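Asks: Have a look at this fold, sequence not included:
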């Protein structure tokens, strides 16, 4: 049945006018796989129908004439600025405005600028040539925005049948002292979020954080703990079982090394809280069929890849989420995809909630953890030109390296250097091969910025030479 359906659709592709999507292009897009092709049939059917309507109304083919990339530096929200600035330094991303010969303007964005070669590859093409785009998530988003506007339909109609009108969204922060973690729960729950995600860090005791968050969490608020594939000497099943006793504990992401599929299956049997697989070692294929996790995550997947994987997840009836970091443009595109994917029922993460600034005319906070899927043609978002120009001119200060001062309850003190250009150290300090770490060690940390003192300079130099400094209880630094 699937073979005949595929053959019928490929015949339909071949009978189209010159320049339309053809059999060879379609099969190249899906890697020549019949199964992948069947999964993408709805997307191509909807897009072909939309293309016919759009070109009929436009009186001819639509062509991309120019791509303008705007570099912006949005500010973090005030209450979270200190923590994010220290982890990552100032944020930066690129907003794309793609214009066509018919006067349409499509929007997209990405964390880094696509190369000139990639951008030139879109010039002169028809936006509908990029159905199931496998080149650029940011520019692919702009192509879908253009397709939707040209056809007069919202983007999710180009992907498949709508599965839901509202989608779940989560919030995000970084691991810091328990006071900050409690404040994150307060801030986000007030804004309508019901999920919070953060990466565990061995510079803080996770149970101290849990206690603080649980005290202020409203009923139903959950935390997604990203265990970042280990990096500590904890016995993972025991750690997760103890954490799962807290009502606020909602899910564990990447608790073991990505290649250890058997360990994931074992955790599913031992831990009552859902296990999420993000860094899939086999590209979300065999490990999905093995049902190694309760849910799956696709991070910054190209649109075509997301469509193909959504077909697999849908056939196996497995829930998943997209995690595409960016502003409101990115989150809106993700919401359209979640609306069309059968089992995209987990909350999506974007981090748009962390920034004080954005370039769209309207920003949306969730209601009970849900945001509505736009129904206007295309993405359904518009540029605030004044804000865009302001953010292009806004230059934020670079964050210098700083010292993490960690104090153990037995009085031992540990000093490390944190570098915003190497933020992975904050959650995987084992990458420097310094000493064993644990998520539940009896410790707390202070963030020590350069205060101009002789003591700071001497300690910084000492850490630079030794890698890490450990000081006995009662001894002078």
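Replies: Thanks, I have it. These numbers come from a predicted model, not from an experiment.
Asks: Now the terminal residues of stretch 147-164, how far apart.
Replies: 21 Å (Cα to Cα, to the nearest Å).
Asks: pLDDT (mean, whole number) over that stretch?
Replies: Mean per-residue pLDDT for stretch 147-164: 94.
Asks: same question, stretch 326-335
Replies: 98.
Asks: For burial, what's the neighbour tally of the nearest residue to residue 132 once chain neighbours are set aside?
Replies: Distances taken as Cβ to Cβ, 6 or more residues apart in numbering put residue 304 closest to residue 132, at 3.6 Å, once the chain neighbours are dropped. C-beta: built from backbone N, CA, C; applies to glycine. Neighbourhood size, residue 304 [other Cβ atoms under 10 Å]: 21.
Asks: ok, residue 304 touching residue 134?
Replies: Yes: taking Cβ atoms under 8 Å as the definition, residue 304 is a contact partner of residue 134 at 4.2 Å.
Asks: any weak-confidence spans in the stretch 51-200 of the chain?
Replies: Low-confidence segments of the stretch 51-200 of the chain (pLDDT under 70): 56, 58-59.
Asks: Show me the strands in it, by range?
Replies: For the stretch 51-200 of the chain, applying DSSP state E, counting those that start in this stretch gives strands covering 64-72, 93-100, 105-110, 166-168, 171-172, 195-199.
Asks: For the residue lying closest to residue 400 once chain neighbours are set aside, what are phi and psi?
Replies: Distance criterion Cβ to Cβ, 6+ apart; nearest residue to residue 400, sequence neighbours excluded, is residue 450 at 6.2 Å. Phi and psi for residue 450, reported as degrees, to the nearest 10, are phi -60, psi 110.
Asks: residues near residue 450, how many?
Replies: Counted with other Cβ under 10 Å, residue 450 comes out at 12.
Asks: per-residue confidence for it?
Replies: At residue 450, the model reports a pLDDT of 97.
Asks: Surely it touches residue 418?
Replies: No: the criterion here is Cβ under 8 Å, and residue 450 misses it with residue 418 at 11.9 Å.
Asks: Touching both of those two, which residues are there?
Replies: residue 402 (Cβ atoms under 8 Å, 6 or more residues apart in numbering).
Asks: re earlier: following element in sequence after the helix or strand where the residue nearest to residue 132 lies, please.
Replies: Following DSSP states H and E, one finds residue 304 within helix 303-316. Reading on from helix 303-316 to the C-terminus, the next helix or strand found by DSSP H and E is strand 320-323.
Asks: packing partners for that next one?
Replies: If you count contacts as 3 or more Cβ pairs under 8 Å, 6 or more residues apart in numbering; DSSP states H and E, strand 320-323 packs onto strand 295-299, helix 303-316, helix 328-340.
Asks: Go through these and pick out the most buried.
Replies: Across the helices and strands packed on strand 320-323, averaging neighbours per residue (mean count of other Cβ atoms under 10 Å) puts helix 328-340 on top, at a mean of 26.
Asks: Okay, angle between it and helix 303-316 too, please.
Replies: Note on geometry: by axes from the mean of the first three to the mean of the last three Cα atoms, to 10 degrees, helix 328-340 and helix 303-316 are set 30 degrees apart in direction.
Asks: From here on, call the first residue 49.
Replies: I'll keep to 49 as the first residue from here, and by that count the last item is helix 376-388.
Asks: following helix 376-388, which helix or strand shows up next?
Replies: Using DSSP H and E, the next helix or strand after helix 376-388 towards the C-terminus is strand 418-420.
Asks: I figured residue 374 was touching residue 157, is that so?
Replies: Yes: using Cβ under 8 Å, residue 374 makes contact with residue 157 at a distance of 5.2 Å.
Asks: Overlap in contacts, the two.
Replies: residue 141.
Asks: What about residue 252, how many residues nearby?
Replies: 23.
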